[in-house]
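Q: this is the structure alone, sequence omitted:
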């Protein structure tokens with residue numbers, strides 16, 4: 001496996017390319033866009049280098065953190081590490097839960113005992129769920145929705161509202177009434193149910209391109225590979241024992257040949273490239289959007305902590321689910337807040353300007369700061385196909401295509417996880433290993 005093409009420069013493609021280059025392959029990475037990162041990339045907004053959407057990682061993202069170290073990015077400087085928490089503004093009648101830095105599972109139990117805003121019944125309900133899930137080894141005989149799972153284990157309405165629903169939407173980007181309970185349990189198993197550090201929340205200080213893709217590109221080039229941004233692959237074909245790629249948007253030859261190929265594009269694009277080439281059948285996924293609203297205020301505007309949960313209520317125009325104080329992550333962004341709206345189809349339908357205005361009013365109300373209703377500027381970014389809808393018993397393809405030296409990678413492939421950065425990275429690494437075994 002001397003020369004390998006990776007089609008797609010998102011996190012799955014970058015992970016595959018790094019793993020291949022690390023093991024001695026000569027890698028050429030093709031990305032149709034002008035920059036790497038895919039759905040987790042840096043963009044410039046009003047002179048600020050931000051993201052196409054606010055992201056958060058977990059300490060359980062072991063492969064992502066490993067590859068960051070491989071390419072020379074130190075997680076300690078790139079990510080703000082916070083203990084597991086679910087903290088609402090004091091005026092919102094929410095809860096305040098922070099897990100102390102104790103060995104697991106004592107950190108969750110201690111945090112639960114100290115938590116405010118939850119009744120004794122709520123706390124017993126959460127403890128009962130956690131204990132039962134561990135006893136079940138976090139496994140269900142038959143998958144169901146998260147709502148059905150929570151009903152089965154008698155979770156209180158308040159606990160569902162303040163903790164389980166926001167966690168489900170944040171992790172799976174799918175509302176609990178149609179989200180996979182087994183995938184949700186997998187996420188809880190590897191965060192709440194693992195060592196304490198696995199449950200830590202990691203907030204990026206820089207834009208996502210700088211967190212990994214930029215360093216991945218440098219690593220690939222140092223190992224003799226090449227990065228071709230702005231070059232799209234229009235087709236794949238067999239040429240003897242090698243693979244031929246039809247490359248567009250390039251002054252060079254329109255055909256290139258490789259010993260192996262990783263198709264690391266979104267599922268719909270992968271299906272198009274593989275049509276008539278491989279027998280693999282990719283599902284026609286349903287998709288969920290994620291929106292991020294950036295709001296710039298005067299530099300002296302800040303929140304009491306870097307991250308707050310918010311009570312969303314579409315009926316009353318409260319769309320925000322989490323708010324980040326970007327100034328506490330990067331001093332250059334003083335006065336900049338970012339608000340995340342996951343599973344945001346209804347918010348997108350309203351229009352960006354209307355939703356941004358509603359979010360500003362929501363912030364002013366819950367933080368009791370009238371100035372937050374009047375930002376200097378706002379910018380709403382919506383990824384309409386951010387993730388697949390993570391429903392129960394969803395069939396997801398493996399990395400193999402049935403063709404020799406042709407594999408796929410992406411957050412949609414078979415995995416214990418929903419469509420996250422970690423599942424994308426793991427898929428990329430697995431695709432690389434499959435080629436190297438050949």
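A: Thanks, I have the structure now. Given the structure is predicted, the values throughout are model-derived calculations rather than measurements.
Q: okay, now residue 108: neighbour count?
A: 21 (other C-beta atoms under 10 Å). In this view, the C-beta of every residue, glycine as well, is placed from N, C-alpha and C.
Q: so it: helix, strand or coil?
A: helix (DSSP: H, G, I helix; E, B strand; the rest coil).
Q: pull the contacting residues for it.
A: Residue 108 sits next to 84, 99, 130, 192, 199 when contact means C-beta atoms under 8 Å, 6 or more residues apart in numbering.
Q: what about the residues you listed, which one has the most neighbours?
A: Most surrounded of the contacts of residue 108: other C-beta under 10 Å gives residue 99, at 26 neighbours.
Q: I'd say that one and residue 199 touch.
A: Yes. The pair residue 99 and residue 199 qualifies as a contact (C-beta atoms under 8 Å) at a distance of 6.5 Å.
Q: shared neighbours of these two, anything?
A: 83-84, 107-108.
Q: what bridges to residue 79?
A: residue 204 (DSSP bridges).
Q: what about the strands in the stretch 301-438 of the chain?
A: 307-309, 322-325, 336-342, 377-388, 406-408 (DSSP state E, counting those that start in this stretch).
Q: re earlier: so among the contacts of residue 108, where is pLDDT lowest?
A: On pLDDT alone, residue 192 ranks lowest of the contacts of residue 108, at 86.
Q: tell me the contacts of it?
A: Taking C-beta under 8 Å, 6+ apart, one finds 84, 105, 108, 130, 199 in contact with residue 192.
Q: export the residues you listed to a markdown table and append columns for secondary structure.
A: Listed next are the contacts of residue 192 as a markdown table, based on three-state DSSP:
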| residue | secondary structure |
| --- | --- |
| 84 | coil |
| 105 | coil |
| 108 | helix |
| 130 | helix |
| 199 | helix |
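Q: of the residues you listed, which is the nearest to residue 56?
A: Relative to residue 56, the closest of the contacts of residue 192 is residue 84; by C-beta to C-beta it sits at 11.7 Å.
Q: residues contacting the closest one?
A: 98-99, 107-108, 111, 191-192, 199-201.
Q: quick one: it from residue 122, how far?
A: In this view, residue 84 and residue 122 are 17 Å apart by C-beta to C-beta, to the nearest Å.
Q: with residue 368 instead?
A: 25 Å.
Q: looking at the two, which is more packed in?
A: residue 122 (21 against 11).
Q: show me what the one helix or strand the more buried one maps to is packed against.
A: Secondary structure assignment for residue 122, by DSSP states H and E: helix 120-135. On a contact count with 3 or more C-beta pairs under 8 Å, 6 or more residues apart in numbering; DSSP states H and E, helix 120-135 meets helix 106-114, helix 157-159, helix 181-190.
Q: mind running it again at 7 Å?
A: Judged by 3 or more C-beta pairs under 7 Å, 6 or more residues apart in numbering; DSSP states H and E, the packing partners of helix 120-135 are helix 106-114, helix 157-159.
Q: and the shortest one, what does it pack against?
A: Right, helix 157-159. helix 120-135.
Q: and residue 375, which of the helices and strands packed on helix 120-135 is closest to it?
A: Across the helices and strands packed on helix 120-135, closest to residue 375 is helix 157-159 (C-beta to C-beta), at 31.6 Å.
Q: sorry, back to before: need the shared contacts of residue 99 and residue 199 in a markdown table with distance to residue 227, can you?
A: Output for those, formatted as a markdown table (distance: C-beta to C-beta, whole Å):
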| residue | distance to residue 227 |
| --- | --- |
| 83 | 37 |
| 84 | 37 |
| 107 | 41 |
| 108 | 43 |
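Q: and the two most separated of those residues?
A: 83 and 108 (10.6 Å).
Q: any shared contact partners between those two?
A: Common neighbours of residue 83 and residue 108, counting by C-beta atoms under 7 Å, 6 or more residues apart in numbering, are residue 99.
Q: need the distance between the two termini of stretch 406-418.
A: With C-alpha to C-alpha, to the nearest Å applied, stretch 406-418 spans 24 Å between its terminal residues.
Q: again with stretch 226-246
A: For stretch 226-246, the end-to-end distance is 17 Å (C-alpha to C-alpha).
Q: how about the helices in the stretch 251-400 of the chain?
A: 267-274, 345-350, 352-366 (DSSP state H, counting those that start in this stretch).
Q: so for residue 332, which of these sits nearest?
A: Taking the helices of the stretch 251-400 of the chain one by one with C-beta to C-beta, helix 352-366 is closest: 21.2 Å.
Q: packing partners of that closest one?
A: Looks like helix 352-366 contacts strand 287-296, strand 377-388 (3+ C-beta pairs under 7 Å, 6+ apart).
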